[in-house]
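In: Provided below for reference: sequence and predicted model.
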Amino acid sequence: MFFCGSWKRRRKGDALAKLIVIGAGAAGMMAAGQAASAGLDVLLLEKMSRPGNKIRISGKGRCNLTNASPLHDFISHFNREGRFLHQPFSYFFVDELMKFFTELGLPLVRERGDRIFPASGRAGDVVETLQQWLDSVGVELRHQAIVEQIRTGQGNVTGVRCNGETLPCTRIILAAGGASYPVTGSSGDGFRLAASVGHTVAALRPALVPLVVDDPTVRAMAGLDLKNVGLRIYIDGKRRASDFGEVGFTRFGIGGPIILTHSRMIVDALRTTKEVTVSLDLKPALDETKLDNRLQRDLHARRDESIESVLRGLLPREMVATCLNYCAVDARKSARLINGRERMRLRRLLKDFRIDITGHRPLAEAIVTAGGIPPAEINPRTMESTRVKGLYLCGELLDIDGDTGGYNLQAAFSTGWLAGRSAAAA
Ligand SMILES: Cc1cc2nc3c(=O)[nH]c(=O)nc-3n(C[C@H](O)[C@H](O)[C@H](O)COP(=O)(O)OP(=O)(O)OC[C@H]3O[C@@H](n4cnc5c(N)ncnc54)[C@H](O)[C@@H]3O)c2cc1C
């Protein structure tokens, strides 16, 4: 009486064990397909009207599937808990993931920074490939199926409550994702479901999130992207990190790849009311002496122009007014009248453009969720919960978050792969 549709029909008269997978994202689809390939009868429940919504928007619609960097480097792109991934990666890592997709007919390309994308440049192709594979291995995918409860009895899973209906099963894979970009469907249900059966949930925070700056002169540069800048991060006045790459100004403050990469640390610092300042080196290829020589040359060669006009040769147009404002130099002043002190202020600013960070954008706007189910509560060889027998957890739900560059999807696919295989072998 609890069954409906083909799930009910397939159950009749067969002796297959029943697995329910909650969430058809990267982890859940991989888990469901692996378990079905190994012979399990699998029902994949997805609360949205189609699977893989987050994959579809990943990599700016191009889906950066993984990263071809070596294992030790790959793991260094995660928070401390990323060490847990050694085990899942020992079974299913970058080569295996690439082989998996190419064998399913999705050619891949390697781009700058060893990032791997579908050759078509379309994230939707990744989802379609996975969907066709799920069909071919006999997974039943049910849409608009919201799991409200995990049922247990005597320390084992016994079923789920979904859209008010009870669906019994002997194994469950919880792959409901994190809590960022809730419009994609991952709105934190997985944490509530896991907590309800005895798991702890480490404080949820945004990771890979843009930062907020109150200074209107910084916000006025919204839309400007700076490539090849040096970045230094100061927390309570102490230098805590440095990097090199791309920074972008937004209408709230700053973002861009290298800011996102360090945002986890910055968010944690702001949460403990520490002062955070970032310093941009706008001319990283020139040391102070070379930069000073360049400034002197430019000021002399263009002595009849305004300082504003001279600086346009050194900086993006959108930054010139802000820089002159910070240095207290009149934009209309003739280059020939710029004195040594003003030149020194300009030089310092170009090497050390300081921005005070006053906050961060909310979790809903983060690329990944930091916090979640501690890996210590999961068996790394199987992804099975140490709290409830027959329950497996995988994907972003875990307290593991990585940098941009394909790390998070690989973690979701690898932990999903292991959960699916283990559930089938149990
Ligand atoms: C804008 C953006 C760009 C990104 N780009 C990249 C990238 O290029 N490369 C990269 O590696 N990572 C990227 N990421 C991160 C990556 O997409 C995620 O870490 C990864 O998709 C997580 O996979 P998952 O399967 O764990 O969770 P999700 O993909 O979030 O899937 C969880 C699924 O569970 C479903 N669900 C939730 N609750 C329930 C419920 N109660 N009942 C039933 N179903 C439920 C959800 O609807 C969802 O479909 C990006 C993230 C964002 C937001």
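Out: Nice, I can see it.

In: Roughly how far does the residue nearest to I357 when sequence neighbours are not counted sit from the ligand?
Out: Using CB to CB, 6 or more residues apart in numbering and skipping the chain neighbours, the partner closest in space to I357 is V276 (4.1 Å). (Each C-beta comes from the backbone N, C-alpha and C, glycine too.) Distance check for V276 against the ligand: by CB to the nearest ligand atom, to the nearest Å, it reads 23 Å.

In: what does the stretch 151-300 of the chain have sitting close to the ligand?
Out: The stretch 151-300 of the chain comes close to the ligand at residues A175, A176, G177, S180, Y181, T184, G185, S186, D189, G190, as judged by CB under 6 Å from any ligand atom.

In: buried stuff in the lengthiest helix in the chain?
Out: Selection of the longest helix in the chain by residue count, based on DSSP state H, yields helix 407-425. Taking 16 or more other CB atoms under 10 Å as the basis for neighbour counts, the residues of helix 407-425 that come out buried are 407-424.

In: ok, which stretches of the stretch 301-426 of the chain are strands?
Out: Counting by DSSP state E, counting those that start in this stretch, the stretch 301-426 of the chain has strands at residues 353-357, 359-360, 368-372, 391-393.

In: just those: most buried one?
Out: When you average the neighbours per residue for each of the strands of the stretch 301-426 of the chain (mean count of other CB atoms under 10 Å), strand 391-393 leads with a mean of 29.

In: I'd like to know which elements it is packed against.
Out: Contact analysis of strand 391-393 by 3 or more CB pairs under 8 Å, 6 or more residues apart in numbering; DSSP states H and E lists strand 171-174, helix 407-425 as its packing neighbours.

In: can you list the ones you listed in CSV and add distance to R205 and mean pLDDT?
Out: As requested, the helices and strands packed on strand 391-393 are exported to CSV (distance: least, CB to CB, whole Å; pLDDT from 0 to 100):
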stretch, distance to R205, mean pLDDT
strand 171-174, 21, 98
helix 407-425, 15, 98
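
In: got those as a markdown table, with distance to V126 columns?
Out: Converted to a markdown table, these look like this (distance: least, CB to CB, whole Å):
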| stretch | distance to V126 |
| --- | --- |
| strand 171-174 | 20 |
| helix 407-425 | 9 |
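
In: domains of this protein?
Out: By the record's domain assignment, the chain is partitioned as 5-205+371-425, 210-361 (automatic domain parsing).

In: Disregarding residues adjacent in the polypeptide, which is nearest to T129?
Out: According to CB to CB, 6+ apart, the nearest residue to T129 is L106 (4.5 Å).

In: Spit out the contact partners of the one you found.
Out: Contact partners of L106, counting by CB atoms under 8 Å, 6 or more residues apart in numbering, are P118, A119, S120, D125, V126, T129.

In: dump the residue contacts of the third one.
Out: Taking CB under 8 Å, 6+ apart as the criterion, S120 is in contact with L106, P107.

In: Please report the distance of it from the ligand.
Out: The separation that S120 has from the ligand, given CB to the nearest ligand atom, amounts to 15 Å.

In: That'll do, ta.
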